[in-house]
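Undergrad: Predicted model follows, preceded by the sequence.
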2 protein chains.
Amino acid sequence: MNYFSSKFKLGILGGGQLGKMVLYTTRKFDVYTCVIDPNKDAPARLACDEFMVGDLMDFETVVAFGKKVDVLTIEIENVNVDALEALENEGIKVYPSSKTLKTIQNKAHQKLFYVDHNIPTADFSRFAYTSEIDEAVENGGLSYPFVWKSTRFGYDGQGVKIVKRYTDLLDLPNVECIAEKMIPFKNELAVIVARNTCGDLKTYPVVEMEFHPEANQVEYVICPARIPDEIAKKAELVALKTAAAFEHVGLLAVEMFQTEDDEILVNEVAPRPHNSGHYSIEASYTCQFEQHLRAILGLPLGRTDSKVAGVMVNLVGAEEHTGNVVYKHIEKIMAMDGVTPHIYGKKQTRPFRKMGHVTIVDKNIEKAREIAEKVKRTIQVISE
Amino acid sequence: MNYFSSKFKLGILGGGQLGKMVLYTTRKFDVYTCVIDPNKDAPARLACDEFMVGDLMDFETVVAFGKKVDVLTIEIENVNVDALEALENEGIKVYPSSKTLKTIQNKAHQKLFYVDHNIPTADFSRFAYTSEIDEAVENGGLSYPFVWKSTRFGYDGQGVKIVKRYTDLLDLPNVECIAEKMIPFKNELAVIVARNTCGDLKTYPVVEMEFHPEANQVEYVICPARIPDEIAKKAELVALKTAAAFEHVGLLAVEMFQTEDDEILVNEVAPRPHNSGHYSIEASYTCQFEQHLRAILGLPLGRTDSKVAGVMVNLVGAEEHTGNVVYKHIEKIMAMDGVTPHIYGKKQTRPFRKMGHVTIVDKNIEKAREIAEKVKRTIQVISE
């Protein structure tokens, strides 16, 4: 198929920030794009050829949208997978596949998939309802503390909870869930694997999520991770094995723990461009968004190594601010060497809302890391 | 002014490829943009917030458009400068200024400006009509060969002609023109100068235009230029002097000749992002489009040095092809290391029409140059 012709159409389910960043690449390659999102003000409404408003969980809407395009991809996992399956049966190319998405959408299924494919992951128990957990603890099948995860729609901060005692359970919704063994880990790592429709496979370097020592929140994504080579190799192999198990096409971001005794355990995956790969826009030979496009269009994959070291800082809304957003001192961080802010265009800030990110690049990783700290101390995402 | 607020509006006159590439940055910074272009299918119609169709040479149209925005910039020099002056008088910030554009739009004025400001440039004579040249030659004030240039709307290949004998003159339009001394040169160089509204000044590294040995056409733009340091320093100083003379705000691309005896002569300037800076998207810490935006919005300028060496190849329509464009073997060049094609999205190809460009980056400039040659030999811009 000739992707560089006006007859070809690429569809994207979801018009958020990731979709917007994929669109930069589609424009560069002049690929015709259709985007659908429930929000009429979605960031990706600009830069696509056709934008429409619609519910991504509605079977009919997704099928009707998908029939208009040649290749369909997603920028968010919460879409109607039955619709994707119906489209696949009609010959539309869907990447990631409905099968992969179905597995990933449910955290219990995802974990069972790892077990079935001998992919290392933390031990866990599965429950139809949160209310059943207490009994398991009483029977000795589970002990505090553990990590409770809702199997569906679990995002950072929601759907995940560390349960230390019985009373912690009482605040949780009574839904299908898993209880996962608490893993003391040295590092949280991630590897993005790219695989195109021809089966060519490449991995990006291992990145490291550096946590705030007190807040227990990811502060910096650092590429390359400051870990020994043999650990990096191990993490890459686990990521490749995971992508192979899914027979994945596109990008697969694999989040992993490096345990105290240097085991690598898969935490979860995202079958798309991912926050842990944002550094690639400035640091890599091929940014993750271009790579995703190359992969799903069956084009040759680009180089995944880095031109320079990169550190990424998420811009989240300050704690006590809600309302029209102001990026205080953004000019100050732009005066620092190798600093590029990415503002997502959300008009309203809320405490901890993800409003953008900042990349810091330099030939010297320690210098980039130092500037990242200055960036973090300087810019404030507040309300007017 | 808070550029990162929804109250601020940036206007761009011209919605071509350069405008489109500026828009990538406006999206990254979430700057609200309005674009006007005579062509309803202009590449920049996508990715801006408001697009309108209108004649850029029409006074009323440009004034009406300019009044809607806070800062106005251009992506093409052929706009109504009287309208820009009227807007400046009403307090709209216009970068580049109407004064600069007025000087640049007329090649005779541009040359006189260099003379007035002691900026080195090739000797020339000015004529109200091409028909007057013959007399000057007869009087001994001019001798063959020389370079004839129409003072207005001169672009590559049009409006410029090497005149070797009297009969060459007969084919030329009878318009205001200059006759410029032929300068045998070693290299054609370019330097992009960035200056922001606060007067901060930075230069990009000197780039080299490598010519095809027979066709006498720029084949590669190479960064950094493969010239001695002292020549590079000299070229940078001339470029800085030129930008200072214009009191320029934004980017100024200064094209220069390095003569046989290592003099630097200014050929011409462009007050905007420029073909000679396209390599910066992949190679520089701050790409030229982001830099232009930083400059005209009064933000701090970004680093102008390079992460890696870059070579840029223009993609032009093959000689015997007119019609719906096909990028033959584009997949083959995408399989080469560090190669990124940029397709401008013109549906029709014509001989020598500029259809896109390809950037090749690598830590080793010789390797990048080698791959660029392979790219040039491989991809073909032909019709269906």
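TA: Thanks, I have the structure now.

Undergrad: ok, residue A:229 - how many residues close by?
TA: 8 (other Cβ atoms under 10 Å in any protein chain shown). C-beta here means a position set from N, CA and C on the backbone, and glycine is covered the same way.

Undergrad: who does the residue nearest to residue A:340 when sequence neighbours are not counted bridge with?
TA: Leaving out its chain neighbours, the residue that sits closest to residue A:340 by Cβ to Cβ, 6 or more residues apart in numbering or on different chains is residue A:359, at 5.0 Å. For residue A:359, the beta-bridge partners under DSSP bridges are residue A:312, residue A:340.

Undergrad: give me every residue that touches residue A:359.
TA: Taking Cβ atoms under 8 Å, 6 or more residues apart in numbering or on different chains, we find residue A:359 in contact with A:278-279, A:281-283, A:310-313, A:339-340, A:342.

Undergrad: State the distance from it to chain B.
TA: 11 Å (Cβ to the nearest Cβ, to the nearest Å).

Undergrad: what's the answer for residue A:78, then?
TA: Taking Cβ to the nearest Cβ, one finds residue A:78 at 24 Å from chain B.

Undergrad: mind listing what that residue touches?
TA: A:56-57, A:105, A:153.

Undergrad: how does it look with 7 Å?
TA: A:56-57, A:153 (Cβ atoms under 7 Å, 6 or more residues apart in numbering or on different chains).

Undergrad: Okay, and it sits in which element?
TA: In the assignment (DSSP states H and E), residue A:78 maps to no helix and no strand.

Undergrad: quick one: it from residue A:148, how far?
TA: Distance of residue A:78 to residue A:148, given as Cβ to Cβ, to the nearest Å: 20 Å.

Undergrad: go on, residue A:306?
TA: Counting by Cβ to Cβ, the gap from residue A:306 to residue A:148 is 37 Å.

Undergrad: Next up, the contacts around the residue in the stretch 151-300 of chain A positioned nearest to chain B.
TA: Distance from chain B to each residue of the stretch 151-300 of chain A (Cβ to the nearest Cβ) is smallest for residue A:300, at 3.6 Å. Shown in contact with residue A:300 (Cβ under 7 Å, 6+ apart): A:294, B:331, B:334-335.

Undergrad: what does chain A put close to chain B?
TA: A:4, A:6, A:20, A:24, A:27-30, A:46-47, A:49, A:285, A:299-300, A:303, A:307-308, A:327, A:330-331, A:334-335, A:337-338, A:342-343, A:345, A:347, A:361 (Cβ under 7 Å from any Cβ of the partner chain).

Undergrad: buried residues in stretch A:312-328?
TA: A:312-318, A:321, A:325-327 (16 or more other Cβ atoms under 10 Å in any protein chain shown).

Undergrad: Out of those residues, name the ones that lie in strands.
TA: A:312-316, A:325-327 (DSSP state E).

Undergrad: tell me how far the ends of stretch A:119-137 are from each other?
TA: 26 Å (Cα to Cα, to the nearest Å).

Undergrad: who touches stretch A:366-376?
TA: Counting by Cβ under 7 Å, 6+ apart, A:219-220, A:222, A:309-311, A:313, A:333, A:336-339, A:358, A:360-362 sit against stretch A:366-376.

Undergrad: and what of stretch A:302-310?
TA: A:194, A:202-205, A:223, A:279, A:282-286, A:290-291, A:294, A:359, A:361-365, A:368, B:307-308, B:337-338.

Undergrad: Could you rerun that using 8 Å?
TA: So stretch A:302-310 is contacted by A:192, A:194, A:202-205, A:222-224, A:279-280, A:282-286, A:290-291, A:294, A:338, A:359-365, A:368, B:307-308, B:334, B:337-340, B:361, B:363 (Cβ under 8 Å, 6+ apart).

Undergrad: what's the lowest-pLDDT member of the contacts of stretch A:366-376?
TA: Model confidence across the contacts of stretch A:366-376 bottoms out at residue A:219, which has 90.

Undergrad: how's chain A carved up into domains?
TA: Listed by automatic domain parsing, the domain ranges of chain A are A:9-94, A:123-181, A:185-383.

Undergrad: who are the neighbours in contact with the spatially most central residue of chain A?
TA: Central residue of chain A (Cα atoms, centre = their mean): residue A:274, 3.4 Å from the mean position. Going by Cβ under 8 Å, 6+ apart, residue A:274 touches A:190, A:192, A:251, A:253, A:288.

Undergrad: hmm, back to that, check the secondary structure at the residue of the stretch 151-300 of chain A closest to chain B for me.
TA: Three-state assignment for residue A:300 (DSSP: H, G, I helix; E, B strand; the rest coil): coil.

Undergrad: Show me the strands in the stretch 151-300 of chain A, by range?
TA: A:160-163, A:177-181, A:185-195, A:201-203, A:207-211, A:218-223, A:250-259, A:264-270 (DSSP state E, counting those that start in this stretch).

Undergrad: quick one, which of those is nearest to residue A:136?
TA: strand A:177-181 (7.4 Å; Cβ to Cβ).

Undergrad: The closest one pairs with which strands, parallel or anti?
TA: strand A:124-127 (antiparallel), strand A:146-150 (antiparallel).

Undergrad: what comes into contact with the first one?
TA: Counting contacts by Cβ under 8 Å, 6+ apart, the residues outside strand A:124-127 that touch it are A:108, A:111-112, A:133, A:136, A:141-142, A:151, A:176-181.
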